[in-house]
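>>> this one's structure only:
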């Protein structure tokens, strides 16, 4: 997934320095994001892979709470890309979801860094999905 | 949903400046609320849409914990409007819930900003619901 | 529920000032408790009503974590009274539970404020319940 | 349960002052532990009783998160003794579990206070259980 | 499990001082990790054993949230090794998982301490598992 994110950043964030950091598992992501922020980065995108079991989901929850709290404590833009192994049965479907979601959220991060608070406002309520087809607005 | 909230604010909060901020997903809301508070806002209303799956509910939980902790850390009035895709089957019902809830909570926020600690006291225990018909007081 | 709490406070906490604050939903309670503490109050009692659905329970969990963290951060006495709509089928039973629990915890708060760390020690392990008949000690 | 803990402390922690504090419910424990730490105590043991329902388990989770965070924030030794009403059907079994667990953890706390970081290392991986028979090491 | 971790550290982290700390249960781990960090350690590996019941899983969740928050608060590298009793039926399988996972994560910690942010990048997305056979990359 990282490759697709880096492609987006290199194309759209010229002048920015990209820092990559890899950790063993999903629960290591929030501390890693903190280290990235301590380096002075303006934003963080996290890429996580979550297994299908109940314990995996609790790990996802703990990791999510950590990232949310890091955002609350710092106010930084932290975009969280997670793919759950049980989102699809076939590996090729999972991969397609992962690639699409990673690219879409990389673009969201770019937009927020460059465009500020309302950069994503035109998409609000439009049923935009990452990893799946958009569902469109309601009603 | 934002449109209905802004209508309420523009009608009832003259003299206030309204700041809008859009983020990709529900877990991005707490950090965004922190950024809004850092801009000096007196209150925040958050609008979130949650899918029907178990993972969506964990994301809702993580986001809720983040918002609650932001409130605990700052003491700010943060009103959280969330619509769950599984609250209704028909899109038109979902939309009606969303609009009603957004408006009702926008009015709650207005009341708290203008009326202080007891602005909502007349409604306490009256079975007032947002997004559904009121159920009335008990007993 | 607030009425019964205020009755207990007025009878047993003469000389104290009672501050009441109403918020729209259960997740708004922790920030409200923070505001109450910031006003200089010695203790807080919170009154919450929780629906029967799974999402309501997650909201209860998020709210509980917020209140617990507020207690951890401040060391203040915060007594949490929550009634769950699925504790009883009949409205009159729910009301009886709510009134009994609110009164009992108001008295607990009074005891802790006036009697210090061991004010409730005589009740420890005695199977005292709030909202239900006491179950007595074990063994 | 407190009686058995106090017996262990009085026998093995001569020279220490024991402070006891009773609170209404399990969610009140983390703030109470904070108050105990603020008094200058070197360690805390908490005794909690949890009901069998799902809401009781969420309250257990909120309380546990609070205690864990208090430990993270202070680095203090906080040993958490919890008995769940659904661990056994017969009151005498529940009582036996509670007494055994309280005593065993009181001794764990004593060992950590007197023996430092590695006081419990001889027990690591030995399948020691509190409230149940030890299961022994694996393999 | 600790023995295998220490073997890896002694072989690959010459010049480092290893500090070991044992606590009674999984919820005691986050505060223990905080104490280890306060001693000046560069990294922490935690070894936990989790029972099969729902309450055990909630304890796992509380412990995980504590560790994640410690990482968020300090930015330290904290690698969390947990074995769940219900991962396998036979004790010998459980032991094999535990030993493999402990060794693999000890090596991950070593790599992160010695190699920095990108030490584990070659393994990213390669389907590396700890305690189970690697599953390989997707697609």
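Sure thing, it's come through. Not measured: the values here are computed from a predicted model.
>>> from here on, contacts and neighbour counts on C-alpha atoms
OK.
>>> now the strands for chain A?
A:43-50, A:77-84 (DSSP state E).
>>> so for the first one, mean pLDDT?
Taken as a whole, strand A:43-50 has a mean pLDDT of 97.
>>> what about stretch A:102-112 and chain E, touching?
No - judged by C-alpha under 8 Å from any C-alpha of the partner chain, stretch A:102-112 makes no contact with chain E; its nearest approach is 13.0 Å.
>>> any idea which of the strands of chain A is most buried?
Scoring the strands of chain A by mean neighbour count under mean count of other C-alpha atoms under 10 Å in any protein chain shown gives strand A:77-84 as the most buried, with a mean of 22.
>>> is stretch A:46-53 positioned near chain B?
No - against chain B, stretch A:46-53 shows no contacts by C-alpha under 8 Å from any C-alpha, the least distance being 10.5 Å.
>>> mind putting the strands of chain A in TSV, distance to residue E:114 included?
Supplementary listing: the strands of chain A in TSV, determined by distance: least, C-alpha to C-alpha, whole Å:
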stretch	distance to residue E:114
strand A:43-50	23
strand A:77-84	27
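>>> so which of those comes closest to residue E:121?
strand A:43-50 (12.4 Å; C-alpha to C-alpha).
>>> near chain E at all, the closest one?
No - counting by C-alpha under 8 Å from any C-alpha, chain E has no neighbours in strand A:43-50; the shortest distance is 8.8 Å.
>>> one step back: columns distance to chain C on top of the strands of chain A, output as TSV?
Converted to TSV, the strands of chain A look like this (distance: least, C-alpha to the nearest C-alpha, whole Å):
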stretch	distance to chain C
strand A:43-50	21
strand A:77-84	20
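>>> so for residue D:117, which of those strands sits nearest?
Comparing those against residue D:117 with C-alpha to C-alpha, the closest turns out to be strand A:43-50 (33.9 Å).
>>> what is that closest one packed up against?
In terms of contacts (3 or more C-alpha pairs under 8 Å, 6 or more residues apart in numbering or on different chains; DSSP states H and E), strand A:43-50 is packed against helix A:29-38, helix A:54-74, strand A:77-84, helix A:91-115.
>>> strand A:77-84 and that one, what's the angle between them?
With axes from the mean of the first three to the mean of the last three C-alpha atoms, to 10 degrees as the basis, strand A:43-50 and strand A:77-84 are set at 10 degrees to each other.
>>> before we move on, the earlier item: which one of the strands of chain A lies nearest to residue D:97?
Among the strands of chain A, the nearest to residue D:97 by C-alpha to C-alpha is strand A:43-50 (36.5 Å).
>>> angle of that closest one against helix A:91-115?
Using the same axes, to 10 degrees, strand A:43-50 lies at 160 degrees relative to helix A:91-115.
>>> ok, strand A:43-50: who's next to it in the sheet?
Strand pairing for strand A:43-50, determined by DSSP bridges: strand A:77-84 (parallel).
>>> as JSON lines, the helices and strands packed on strand A:43-50 with mean pLDDT and distance to residue E:94 would be great.
Putting the helices and strands packed on strand A:43-50 into JSON lines (pLDDT from 0 to 100; distance: least, C-alpha to C-alpha, whole Å) gives the following:
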{"stretch": "helix A:29-38", "mean pLDDT": "98", "distance to residue E:94": "26"}
{"stretch": "helix A:54-74", "mean pLDDT": "98", "distance to residue E:94": "16"}
{"stretch": "strand A:77-84", "mean pLDDT": "97", "distance to residue E:94": "25"}
{"stretch": "helix A:91-115", "mean pLDDT": "96", "distance to residue E:94": "28"}
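>>> nearest to residue D:69 among those would be which one?
Taking C-alpha to C-alpha as the criterion, helix A:54-74 is the member of the helices and strands packed on strand A:43-50 that comes nearest to residue D:69, at 12.3 Å.
>>> quick check: closest non-adjacent residue to residue A:24.
In space, and not counting its chain neighbours, residue A:24 is closest to residue E:108: 6.8 Å by C-alpha to C-alpha, 6 or more residues apart in numbering or on different chains.
>>> same deal with residue A:63?
The shortest distance from residue A:63 to any residue that is not its chain neighbour, by C-alpha to C-alpha, 6+ apart, is 4.9 Å, and that residue is residue A:27.
>>> now residue A:70
Leaving aside its chain neighbours, residue A:70 sits nearest to residue E:72 (6.3 Å; criterion: C-alpha to C-alpha, 6+ apart).
>>> with adjacent residues omitted, what lies nearest to the residue of chain A found nearest chain D?
Closest approach between chain A and chain D, counting by C-alpha to the nearest C-alpha: residue A:62, at 10.8 Å. Ranked by C-alpha to C-alpha, 6+ apart and with sequence neighbours excluded, the top spatial neighbour of residue A:62 is residue E:65, at 4.9 Å.
>>> residue contacts, the one you found?
Applying C-alpha atoms under 8 Å, 6 or more residues apart in numbering or on different chains to residue E:65 gives the contacts A:62, A:63, A:65, A:66, D:65.
>>> pretty sure the second one sits against residue A:26.
Yes - look at residue A:63 against residue A:26 with C-alpha atoms under 8 Å: they come within range, at 6.4 Å.
>>> okay, those two: which has more neighbours?
The residue with more neighbours, out of residue A:63 and residue A:26, is residue A:63; 26 against 20, by other C-alpha atoms under 10 Å in any protein chain shown.
>>> how close does the more buried one sit to residue E:119?
When distance is defined by C-alpha to C-alpha, to the nearest Å, residue A:63 is 21 Å away from residue E:119.
>>> how about stretch A:130-139 and chain E, touching?
No - Stretch A:130-139 is not in contact with chain E by C-alpha under 8 Å from any C-alpha; minimum separation 15.8 Å.
>>> that stretch: which residues count as buried?
A:130, A:131 (16 or more other C-alpha atoms under 10 Å in any protein chain shown).
>>> report the separation between the nearest residue to residue A:76 once chain neighbours are set aside and residue A:87.
Beyond its immediate neighbours in the sequence, the residue positioned closest to residue A:76 (C-alpha to C-alpha, 6+ apart) is residue A:43, lying 6.2 Å away. Residue A:43 sits 27 Å away from residue A:87 when distances are taken as C-alpha to C-alpha.
>>> ditto for residue A:25
Using C-alpha to C-alpha, residue A:25 is found at 19 Å from residue A:87.
>>> more neighbours: the two, which one.
A count of neighbours by other C-alpha under 10 Å puts residue A:25 above the other of residue A:25 and residue A:87, at 19 against 14.
>>> how near is the more buried one to chain B?
Applying C-alpha to the nearest C-alpha, to the nearest Å, the value for residue A:25 to chain B is 18 Å.
>>> from what I can see residue A:9 touches residue A:109, true?
No - taking contacts as C-alpha under 8 Å, residue A:9 lies outside contact range of residue A:109: 9.1 Å.
>>> between those two, who's got more neighbours?
In this comparison of residue A:9 against residue A:109, neighbours counted by other C-alpha under 10 Å, the higher total goes to residue A:109 at 25 against 19.
>>> what's near enough to touch that one?
When the contact criterion is C-alpha under 8 Å, 6+ apart, the partners of residue A:109 are A:43, A:44, A:45, A:77, A:78, A:79.
>>> ok, the third one touching residue A:71?
Just to be clear, that refers to residue A:45. No - with contact defined as C-alpha under 8 Å, residue A:45 and residue A:71 do not form a contacting pair (12.0 Å).
>>> name the residues contacting each of these two.
Shared contacts of residue A:45 and residue A:71, counting by C-alpha under 8 Å, 6+ apart, come down to residue A:78.
>>> gap between the spatially closest residue to residue A:77 that is not a sequence neighbour and residue D:22?
When the adjacent residues along the chain are set aside, residue A:77 lies closest to residue A:43, with 5.0 Å between them (C-alpha to C-alpha, 6+ apart). Look at residue A:43 and residue D:22: by C-alpha to C-alpha, they are 46 Å apart.
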